[in-house]
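Trainee: Got a predicted structure here, sequence first:
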Amino acid sequence: MKNNNPLNLRRTGWVWQGLHPRQTDPEYYRFRNAAYGYRAAFMTLRLMVRKKNRHTLARLLKEWAPDADGRDAQLYTARVCALTGLTPHTRIDPLDADRMIPLVAAISRIEQHERPRMLDLLTGWRIYQG
């Protein structure tokens, strides 16, 4: 996984816990390990749900993978739904492990083109939970 960054979070100046001391990629964050990358993923999605009112899967993913970025948000949502069993109208609770873990696993799989290592993902969830 490139940069231990499972969701390909772009550099924005945010100082994430677990960042690698050397940020060698000019576009994407680099984390010390994948677990911290997953933690940042959970945090990012939580911010999108709470601060930007993206409470359904479709609204969340429309912002996550916007058509303006050359993506097809509807197709992206359909892929996530197929991988998770969720529907576009599923309400997202950032503290609900039963929804968040499969959601982040699905997005990671789409972004990285490979299955996520569940141990890293679950460790990221534990770090995220505090």
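Mentor: Yep, that arrived.
Trainee: residue closest to the middle of the chain?
Mentor: The residue lying closest to the centre of the chain (CA atoms, centre = their mean) is residue 41, at 3.9 Å.
Trainee: what about the longest helix in this protein?
Mentor: helix 34-51 (DSSP state H).
Trainee: State the pLDDT value of the residue lying closest to residue 8 once chain neighbours are set aside.
Mentor: Nearest residue to residue 8, sequence neighbours excluded (CB to CB, 6 or more residues apart in numbering): residue 111, at 4.8 Å. Bear in mind the C-beta positions are built from the backbone N, C-alpha and C, glycine included. The score at residue 111 is 94. That number is its pLDDT.
Trainee: if I pick the residue nearest to the centre of the chain, what's in contact with it?
Mentor: Residues in contact with residue 41 (CB atoms under 8 Å, 6 or more residues apart in numbering) are 6, 7, 9, 104, 107, 108, 124.
Trainee: Mind doing that once more with 10 Å?
Mentor: 5-9, 31, 34, 100, 103-105, 107-108, 111, 121, 124-125, 128 (CB atoms under 10 Å, 6 or more residues apart in numbering).
Trainee: again, but for residue 3
Mentor: Applying CB under 10 Å, 6+ apart, the residues near residue 3 are 9, 20, 23, 24, 25, 27, 28, 29, 30, 31, 34, 37.
Trainee: now do residue 101
Mentor: Residue 101 touches 38, 42, 84, 116, 118, 121, 122, 124, 125, counting by CB under 10 Å, 6+ apart.
Trainee: Grab the nearest non-local neighbour of the fourth one.
Mentor: In space, not counting the residues next to it along the chain, residue 116 is nearest to residue 108; the distance is 4.4 Å by CB to CB, 6+ apart.
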